[in-house]
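>>> would you be able to build a 3D model of this:
(one chain, ligands or ions: 1)
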Amino acid sequence: MERYSLPEGMRYATLEERKRFYTEEFDLEKVAGWFGKRLAGVKFAVIIGRHTKIFPEKYREDAETTIIIDEYKNLNEVRDEIVEFLPESAYYDRNVYDAEDCKTGQELAFDLDPENITCPIHGDLAEKMKRGQGLSFCSLEFDMVREQALRLYEFLEKDFSMLNVVYSGRGFHIHVFDEEAYGLSEKKRRQIAREVKKKGFAIDEWVTVGEMRLIRLPFSLHGLVSRVVLPLEKSELAWFDPGNDERCVPRFVREKPTSS
Ligand SMILES: [Zn+2]
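Just a heads-up that it's a prediction; the model follows:
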């Protein structure tokens, strides 16, 4: 099996580039629009340098830690925190909490990742892991995962009506905003995850089941591939190309040819 890393043009963002993105391009209005009235009480989180090993020196000890951002007055303060940490990744907590900080529900989500795709060139997940390439992917795997996202969206439409699909930087997330989905039991979530998996979708079960409650923040920077996490219309799944779509290519990539 061939060794590989990332599709052409994708690479780690430097600290300077993260800073530039979050000060110049990170669109708080769009972030607010994503949450709507669900924004109240949302917890955010960042990981500074777990995979990239790129972190501000003063945060060396916390580089791999998941840092929760839950004390803020508005999204400007959230951005200020992000600019302080300059993380490789930013997330939000899908759990919904009451005033006493008790969990009252969880947004249902599906995480489709290219590493879970069995590639005719690069093999299956086990083979990729054996080579230490669990975070690598190729454009063929991406196209397959995009096709899966469309089919999963259509499958979920039978049960849910408020679906949102997001380009996650590597693959796709499907978020379910239907009121009743927030109240699903863990058992029911597990059933749904198994059913979806059995249909052949390359999802990470633990995201759907809820064990992993954090999900990538739309409109944030995915620092492993230098792409903006971008909500899409279902119709765009037929052709969406993160290599060239201006909406998800940060300025620091557009203005400078890739050097690594
Ligand atoms: Zn491949």
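
>>> pass me the low-pLDDT residue ranges in the chain, would you?
1-2, 257-260 (pLDDT under 70).

>>> and the residue lying farthest from the centre of it, what element?
The C-alpha centroid of the chain is most remote from E100, which lies 28.2 Å away (CA atoms, centre = their mean). Assigned by DSSP states H and E, E100 falls within no helix or strand.

>>> do you know how far it is from the ion?
When CB to the ion, to the nearest Å is the yardstick, E100 and the ion sit 47 Å from each other. Using the backbone N, CA and C atoms, a C-beta is placed for each residue, glycine as well.

>>> go on, Y12?
Where the ion is concerned, Y12 sits at a distance of 20 Å (CB to the ion).

>>> which phi and psi does that residue have?
For Y12, the backbone dihedrals (degrees, to the nearest 10) come out as phi -70, psi 140.

>>> correct me, but it touches T52?
Yes - counting by CB atoms under 8 Å, Y12 does reach T52; the two are 4.8 Å apart.

>>> between these two, which contacts overlap?
Listed as contacting both Y12 and T52 by CB atoms under 8 Å, 6 or more residues apart in numbering are 88, 223-224.

>>> can you tell me which of the residues you listed are in helices?
Assigned to helices by DSSP state H, none of the shared contacts of Y12 and T52 qualify.

>>> which of those has the largest number of neighbours?
G223 (27 neighbours; other CB atoms under 10 Å).

>>> contact partners for the residue nearest to it when sequence neighbours are not counted?
In this structure, G223 finds its nearest non-sequential neighbour in E88, 3.5 Å apart by CB to CB, 6 or more residues apart in numbering. Counting by CB under 8 Å, 6+ apart, E88 touches 12-13, 18, 47-52, 54, 223-224.

>>> hang on, the earlier thing: make CSV out of the shared contacts of Y12 and T52 and add distance to T118.
Output for the shared contacts of Y12 and T52, formatted as CSV (distance: CB to CB, whole Å):
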residue, distance to T118
E88, 27
G223, 27
L224, 22
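
>>> for Y12 and T52, indicate the residue with more neighbours.
T52 (21 against 18).

>>> wouldn't the more buried one be in contact with T14 here?
No - when contacts are counted by CB under 8 Å, T52 is not listed as touching T14 (9.4 Å).

>>> and the gap between T65 and the ion?
Taking CB to the ion, one finds T65 at 31 Å from the ion.
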